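**Q** here are the coordinates; sequence isn't available:
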């Protein structure tokens, strides 16, 4: 059953109709699925499970892993219920009073001997046989959710515990807060545990707090983004820029004003560009790990609005938050047995990580925490506006390039789509899953990434085959070189490994720039060995009845797909090859597209057979999309009037390559000197 809001106001919210009452409806819709699966007030939040090969707990799992699922279910569903309990203390679902349920189960979770006890850090460490002196456990993550929710429902739950009960909860939190954690965003979980304790009069080790806080601050790379381990992803937004706001309120503004001021400054920097990360409908792009958290990416707006000197436009914030919520909640495949699927839309195993369980998707409820804002807050009372999109006309493209986190996102006025190009990515050889999450050549807000379809074709990726040995290699590292004259430069290495000199690794220099409906690529081969076959896949196209058409003009070839996605929305994709390619082909696939069971991937291919020979180096192509079946014009399909090379052989081996567009614009592609700018 999909979510259908009934309390709408298109005067206040001209884009979505969504109001605070609509959001309360959405929260109840999500929480009802949880309670429909609870037999009684004594049952833990362990939800129905259809996937058992990737997610935990698996057969033979240790006790702490099993209890981690109990805690995830409790703490993450508490994200939904805590603001609701404050708004409607007597809310009852499936015959169970919601407030009474969480009050009881929180105590059970922290009390040794109780059936639903989730184990404190000390008890887990006693049973840990890994030999790791610095072990950290999933429960640490959930303690942060617990303290946030106890804060949100303070009057209804926390304040109703007696002193012994509060002390019991505090001892549990202190055990985690002062213990080992993972040295990345997890530090924030310990910081919130300790801040909650301090706020409620309990003693903490302030040096431990200060150590975590200074580390978090120094993960900052600029423009509002933090490096979380090796990667950049939405954790910057649903962890660093959400939790730091709460930490500031509970502890930082009072005890660590310098660090708190920096966290606030960084949040305000993010707000300068983060609204343009979302498309005209407010859709969230499928990018980075933990995509099952979906619209939790919008929680950073709520985080900023909690800061003392927030700069975010509340009408724009609500418009994006509501648009992203509707992106997921209104689909008929969003829920399975009443709970969010392990997927981006419907069930989709290729994006699921082993650290997730059936209850993990409730992390998306961080987006619902905005319900803690009172009814008279500007987030609820300001009229919706659509930010940059209101000024973008047909043919306009707004490009934002952030060198710190290596992110380039473009808002396309012609189709309302936001496309994201990323860099500074390093994964293990063969980690196709990681590259799917982080380093597709382009991520598209309306065409979510396609999983691996075959050994020789990847969507929005190059694949190289050494044809003399029938060996296929794929990219696992993307270096960033930034933007020059409206062209973004990057480099991808295939089977990169630091112990081997990069000259002995196949690579492709990437150069791409925006066109009204998408991205035009002008990439340059950087091979050390041949013979080789090269393929480049486009976005996966949902196949629910698709037509295909081929057009050719002046030596270029375009293939156009028209059809509909799972929800019945019209879709169109056109893939055009210009220089360097031989042909376009297609693969039909099943189970690799997050939107639809069946999908189509168009791909270009070519070969380079001489080990040393002056053959064409440049591979020039274009992928454009739209949300209608209205034909692309000939100039949109074939926008290039002339490709001008420096070398007389027209191969692009040296010197700039200038692409002349039919609209009068030119783009100069010049990789000379890129070595000085590459960063990881």
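**A** That came through fine. As the structure is a computational prediction, the values presented were derived from the model and not from experiment.

**Q** any idea which helix or strand comes after the helix or strand containing residue 99?
**A** Using DSSP states H and E, residue 99 sits within helix 98-110. Counting by DSSP H and E, the element after helix 98-110 in chain order, helix or strand, is helix 121-127.

**Q** contacting residues around that next one?
**A** The contact list for helix 121-127, computed with Cβ atoms under 8 Å, 6 or more residues apart in numbering, reads 62, 63, 64, 112, 135, 137, 139, 140, 175, 176, 179, 180. Every C-beta, even on glycine, is put in place using the N, C-alpha and C of the backbone.

**Q** what mean pLDDT would you report for that helix?
**A** Averaged across helix 121-127, the pLDDT comes to 91.

**Q** List the buried residues for it?
**A** 121, 124, 125 (16 or more other Cβ atoms under 10 Å).

**Q** Can I get those in JSON lines including distance to residue 629?
**A** What follows is the buried residues of helix 121-127, written out as JSON lines (distance: Cβ to Cβ, whole Å):
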{"residue": "121", "distance to residue 629": "57"}
{"residue": "124", "distance to residue 629": "56"}
{"residue": "125", "distance to residue 629": "60"}
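
**Q** Nearest to residue 483, out of the residues you listed: which one, please.
**A** Distances from residue 483 to the buried residues of helix 121-127, taken as Cβ to Cβ, are shortest for residue 121 (45.8 Å).

**Q** mind giving me the domain split of the protein?
**A** According to automatic domain parsing, the chain comprises the domains 20-390, 392-676.

**Q** how about those domains, which one is nearest residue 3?
**A** The closest of those to residue 3 is domain 20-390. By Cβ to Cβ, the value is 3.8 Å.

**Q** where along the stretch 201-350 of the chain do the helices fall?
**A** For the stretch 201-350 of the chain, helices defined by DSSP state H, counting those that start in this stretch occupy the ranges 206-217, 235, 241-247, 253-255, 257-273, 299-306, 314-329.

**Q** how about the ones you listed, which one is nearest residue 672?
**A** Using Cβ to Cβ, the helices of the stretch 201-350 of the chain put helix 257-273 closest to residue 672, at 29.8 Å.

**Q** what's the closest one packed up against?
**A** helix 206-217, strand 220-222, helix 241-247, helix 299-306 (3 or more Cβ pairs under 8 Å, 6 or more residues apart in numbering; DSSP states H and E).

**Q** Those into CSV, with extra columns for distance to residue 623, mean pLDDT and mean neighbour count?
**A** Output for those, formatted as CSV (distance: least, Cβ to Cβ, whole Å; pLDDT from 0 to 100; neighbours: other Cβ atoms under 10 Å):
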stretch, distance to residue 623, mean pLDDT, mean neighbour count
helix 206-217, 38, 98, 17
strand 220-222, 29, 98, 16
helix 241-247, 31, 98, 26
helix 299-306, 29, 98, 25
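
**Q** The biggest helix by length in the chain to helix 299-306, inter-axis angle?
**A** As assigned by DSSP state H, the longest helix anywhere in the chain is helix 63-87. Counting by axes from the mean of the first three to the mean of the last three Cα atoms, to 10 degrees, helix 63-87 lies at 50 degrees to helix 299-306.

**Q** can you give me the offset of helix 63-87 from its chain's centre?
**A** With Cα atoms, centre = their mean, to the nearest Å as the basis, helix 63-87 stands 22 Å off its chain's centre.

**Q** Sort out which residues of that helix are buried, please.
**A** 64-87.

**Q** Which SSE is immediately downstream of whichever strand in the chain runs longest?
**A** Longest strand in the chain, counting residues (DSSP state E): strand 471-484. Per DSSP H and E, the first helix or strand lying C-terminal to strand 471-484 is strand 487-494.

**Q** List the neighbouring strands of that following strand plus their orientation.
**A** The pairing partners recorded for strand 487-494 under DSSP bridges are strand 471-484 (antiparallel), strand 507-515 (antiparallel).

**Q** Tell me which of those sits most buried.
**A** Of these, the one with the most neighbours on average (mean count of other Cβ atoms under 10 Å) is strand 507-515, at a mean of 23.

**Q** Neighbouring strands - and their directions - for whatever helix or strand comes next after that one?
**A** Following strand 507-515 in sequence order, the next helix or strand is strand 518-526 (DSSP H and E). Paired neighbours of strand 518-526 in the sheet (DSSP bridges): strand 507-515 (antiparallel), strand 618-626 (antiparallel).

**Q** which one of these lies closest to residue 653?
**A** Among the strands paired with strand 518-526, the nearest to residue 653 by Cβ to Cβ is strand 618-626 (9.2 Å).

**Q** Return the distance of that closest one from the chain's centre.
**A** With Cα atoms, centre = their mean as the basis, the mean position of strand 618-626 lies at 24 Å from the chain mean.

**Q** And stretch 291-302, by the same measure?
**A** 8 Å.

**Q** likewise stretch 223-232?
**A** For stretch 223-232, the distance to the chain centre is 13 Å (Cα atoms, centre = their mean).

**Q** end-to-end on it?
**A** Stretch 223-232 has an end-to-end distance of 12 Å (Cα to Cα, to the nearest Å).

**Q** Now do the following helix or strand past the longest helix of the chain: which elements does it pack against?
**A** Downstream of helix 63-87, the first helix or strand assigned by DSSP H and E is strand 92-93. If you count contacts as 3+ Cβ pairs under 8 Å, 6+ apart, strand 92-93 packs onto helix 20-35.

**Q** Residues in contact with the helix it packs on: which ones?
**A** 3, 5-8, 45, 47, 77, 80-81, 83-84, 87-88, 91, 93-94, 96, 98, 101, 322, 325, 329, 335, 337-340, 362, 365, 368, 370-371, 375, 380.

**Q** hmm, 7 Å instead?
**A** Residues from elsewhere that reach helix 20-35, judged by Cβ atoms under 7 Å, 6 or more residues apart in numbering: 3, 5-8, 45, 77, 80-81, 84, 87, 93-94, 96, 325, 329, 335, 338-339, 365, 368, 371, 375, 380.

**Q** Tell me which helix or strand the residue nearest to residue 474 when sequence neighbours are not counted sits in.
**A** If the residues on either side of it in the chain are set aside, residue 474 comes closest to residue 463, at 5.4 Å by Cβ to Cβ, 6 or more residues apart in numbering. Secondary structure from DSSP H and E places residue 463 in strand 462-466.

**Q** Same question for residue 13.
**A** Using DSSP H and E, residue 13 maps to neither a helix nor a strand.

**Q** which phi and psi does the closest residue to it other than its chain neighbours have?
**A** Closest residue to residue 13 apart from its sequence neighbours, by Cβ to Cβ, 6+ apart: residue 384 at 4.5 Å. Main-chain dihedrals, residue 384, degrees, to the nearest 10: phi -60, psi 140.

**Q** looking at it, residue 384 is touching residue 15, isn't it?
**A** Yes: the pair residue 384 and residue 15 passes the contact test of Cβ atoms under 7 Å, sitting 5.0 Å apart.

**Q** between these two, which one's more packed in?
**A** Between residue 384 and residue 15, residue 384 has the larger neighbour count (other Cβ atoms under 10 Å), namely 25 against 21.

**Q** tell me the contacts of that one?
**A** So residue 384 contacts 13, 14, 15, 16, 315, 318, 319 (Cβ under 7 Å, 6+ apart).

**Q** Which of those residues has the largest number of neighbours?
**A** Counting neighbours by other Cβ under 10 Å, the top entry in the contacts of residue 384 is residue 318, with 33 neighbours.

**Q** Quick check: nearest residue in space to it, chain neighbours excluded?
**A** residue 379 (5.5 Å).
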